[in-house]
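J.: Take a look and give me a structure for this.
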Amino acid sequence: MFRFILCAFFFAACGQPPTGLAENEISATQNAAGETGQAVKFRVETVASNLEVPWAIAFAPDNQTFFTERPGRVRVIENGKLRVEPIFTVPDVEPSSESGLMDLSLHPNFAANRFVYLAYAYRGDGKRVRVVRYKFADNKLSEPKTIIEDIPAAPNHAGTRARFGPDGKLYITTGDATEKEIAQQTDSLGGKTLRLNDNGTIPADNPFVGDKKFRPEIWTVGHRNAQSLAWQPGSNLMFQTEHGPSGFDGPGGGDEVNIVERGKNYGWAEIHHKQNKNGMESPLLEYTPSCAPASGMFSSGKAFPEFKGNFFFGCLRGERIIRVVLDGRKVVKQENLFEDKYGRIREIAEAPDGLIYFSTSNRDGRGRAAKEDDRILRLVPIK
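T.: Alright, predicted model coming up:
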């Protein structure tokens with residue numbers, strides 16, 4: 001296991017901070033077999049503060065960082081400085097509880113086409129989620145094109161991540177909209193992973209194309225409320241984190257990390273926690289009590305060679321980042337970072353230079369906001 005010393009938070013327990021480290025720095029010592037045993041030192045920097053529930057972070061190739069705020073604002077950090085005014089505000093967003101403007105992704109060929117994809121809740125026949133493509137030009141978003149809409153949603157269990165995979169396809173996680181039965185209903189888009197072409201058309205090689213019992217957009221079924229998509233380097237396996245039951249729909253806990261693969265059924269609400277059932281997938285990792293996982297990313301190791309290939313995800317209720325060391329599909333070990341230090345952590349993302357960014361979600365109605373919350377922060381290595 002790795003031992004993480006949080007100098008500022010555990011000052012009373014640890015005594016003086018380690019020599020050469022400021023109070024907001026961390027020393028992580030590796031003890032795993034076959035590793036160097038050298039200390040991994042890094043500091044935590046505030047990138048932007050006084051935000052309102054930043055949900056998604058994306059990095060453009062021209063030193064711009066896009067991020068979303070739940071009320072519908074798209075904002076930009078340019079050359080390290082936050083622009084005062086948003087570049088865009090979604091006009092029909094419905095922001096409440098676990099929904100609002102939830103994700104932002106850049107097209108894989110963004111440098112040429114400047115396409116930005118927003119996923120957000122809107123009020124239709126009940127609450128719904130849609131994904132819309134915009135073009136970024138002259139520091140604003142324009143030319144909206146709806147990619148998909150009318151995805152079931154609710155104030156809770158709205159999903160949603162919309163990210164491009166290594167195959168260039170757009171994958172979208174959807175929640176069960178607090179109606180757990182729809183996760184197994186193959187004529188519903190709720191409680192699924194969806195797969196689309198970048199223009200919203202349906203790929204011919206989707207697993208259920210031609211099956212009249214299934215919506216052709218469906219990639220996988222049986223999800224409760226998955227809020228991350230990340231692909232393991234090398235294997236291109238898709239990893240998702242997912243929220244488990246909350247008491248009203250099953251015993252508490254049962255949060256999951258899943259390897260999500262074409263055409264499979266991930267069980268909700270037929271199975272949950274560590275349960276098994278023929279034809280359904282049990283989680284790679286399960287967390288009881290709940291940690292409320294809300295994001296996920298793999299480290300390339302550019303800035304932190306010791307973290308190469310590690311899976312990181314932020315936790316809301318659990319108020320920490322969990323780091324998972326993997327050997328392909330096998331979990332080698334895992335470790336908590338920043339437990340109870342920054343509050344509710346939602347997004348986590350790696351910048352092109354390998355620095356690790358994360359956002360707090362302490363102004364979402366369930367947290368305890370500090371003076372500068374919400375914030376976007378990053379880990380910077382100390383050489």
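
J.: Which helix or strand contains the spatially most central residue of the chain?
T.: Geometric centre of the chain, nearest residue: Ser295, 2.2 Å, by Cα atoms, centre = their mean. Per DSSP states H and E: Ser295 is located in neither a helix nor a strand.

J.: Any regions of the protein where pLDDT drops low?
T.: Along the chain, segments meeting pLDDT under 70 span 1-38, 157.

J.: 80 instead?
T.: 1-39, 96-98, 124-126, 154-159 (pLDDT under 80).

J.: Pretty sure Glu181 sits against Ala269.
T.: Yes - applying Cβ atoms under 8 Å, one finds Glu181 in contact with Ala269, separated by 7.0 Å. From N, CA and C alone the C-beta is placed, and that goes for glycine too.

J.: The two: who's more crowded?
T.: Under the criterion of other Cβ atoms under 10 Å, the comparison of Glu181 against Ala269 puts Ala269 first, with 18 against 12.

J.: what's around the residue nearest to that one when sequence neighbours are not counted, how many residues?
T.: With sequence-adjacent residues excluded and distances taken as Cβ to Cβ, 6 or more residues apart in numbering, Ala269 is closest to Lys180, at 3.9 Å. Here the number of neighbours of Lys180 (other Cβ under 10 Å) works out to 20.

J.: wait, what's in contact with Lys180?
T.: Contacts for Lys180 (Cβ atoms under 8 Å, 6 or more residues apart in numbering) come out as Gly191, Arg224, Asp249, Gly250, Trp268, Ala269.

J.: Would you confirm that the residue nearest to the centre of the chain contacts Ile321?
T.: No - if you go by Cβ under 8 Å, Ser295 and Ile321 don't touch, sitting 9.0 Å apart.

J.: Touching both of those two, which residues are there?
T.: Counting by Cβ under 8 Å, 6+ apart, the contacts common to Ser295 and Ile321 are Phe313, Gly314, Ile345, Ile348, Phe358.

J.: Among the contacts of Lys180, which lie within strands?
T.: Among the contacts of Lys180, no member falls in strands (criterion: DSSP state E).

J.: Can you show me the strands along the stretch 1-150 of the chain?
T.: Applying DSSP state E, counting those that start in this stretch to the stretch 1-150 of the chain gives strands spanning 3-6, 25-29, 39-48, 54-59, 64-69, 73-78, 81-82, 88-89, 101-106, 115-124, 126-137, 140-152.

J.: Tell me which of these lies nearest to Glu256.
T.: Closest of the strands of the stretch 1-150 of the chain to Glu256 is strand 101-106, at 19.0 Å (criterion: Cβ to Cβ).

J.: and the angle from the closest one to strand 126-137?
T.: Strand 101-106 runs at 30 degrees relative to strand 126-137, counting by axes from the mean of the first three to the mean of the last three Cα atoms, to 10 degrees.

J.: mind listing the helices for the chain?
T.: Along the chain, the stretches classed as helices by DSSP state H are 11-14, 110-113.

J.: how much distance is there from the last one to the middle of the chain?
T.: Just to be clear, that refers to helix 110-113. Relative to its chain's centre, helix 110-113 lies at 23 Å (Cα atoms, centre = their mean, to the nearest Å).

J.: Would you mind measuring from the residue lying closest to Phe358 once chain neighbours are set aside to Tyr357?
T.: Closest residue in space to Phe358, ignoring its immediate chain neighbours: Ile348 at 4.5 Å, by Cβ to Cβ, 6+ apart. According to Cβ to Cβ, to the nearest Å, Ile348 stands 7 Å off from Tyr357.

J.: And for Ile259?
T.: Ile259 is 24 Å from Tyr357, where distance means Cβ to Cβ.

J.: The two - which one has more neighbours?
T.: Neighbours were counted for Ile259 and for Tyr357 using other Cβ under 10 Å; Tyr357 has more, 22 against 18.

J.: quick one, what contacts the closest residue to the more buried one other than its chain neighbours?
T.: With Cβ to Cβ, 6+ apart as the criterion, Tyr357 has its nearest non-adjacent residue at 4.6 Å, and that residue is Arg378. Residues near Arg378 by Cβ under 8 Å, 6+ apart: Val44, Glu45, Val47, Ala351, Leu355, Ile356, Tyr357, Phe358.

J.: Any idea which of the strands of the stretch 1-150 of the chain gets closest to Lys383?
T.: Of all the strands of the stretch 1-150 of the chain, it is strand 39-48 that lies closest to Lys383, at 8.2 Å by Cβ to Cβ.

J.: okay, the angle between that closest one and strand 73-78?
T.: Using the same axes, to 10 degrees: strand 39-48 against strand 73-78 is 120 degrees.

J.: now strand 39-48 against strand 64-69, angle please.
T.: Using the same axes, to 10 degrees: strand 39-48 against strand 64-69 is 70 degrees.

J.: If you count neighbours, what's buried in strand 39-48?
T.: Buried residues in strand 39-48, counted by 16 or more other Cβ atoms under 10 Å: Val40, Lys41, Phe42, Val44, Val47, Ala48.

J.: Could you check the angle that strand makes with strand 54-59?
T.: Using the same axes, to 10 degrees: strand 39-48 against strand 54-59 is 110 degrees.

J.: What distance do you get for the residue nearest to Lys274 when sequence neighbours are not counted to Asp167?
T.: The shortest distance from Lys274 to any non-neighbouring residue, by Cβ to Cβ, 6+ apart, is to Glu286 (5.3 Å). Distance of Glu286 to Asp167, computed by Cβ to Cβ: 28 Å.

J.: who's more crowded, these two?
T.: More crowded of Glu286 and Asp167, by other Cβ under 10 Å: Glu286, with 17 against 12.

J.: Looks like Glu335 contacts Ile321 (just checking).
T.: No - in this structure, Glu335 is not within contact of Ile321 by Cβ under 8 Å, at 9.2 Å.
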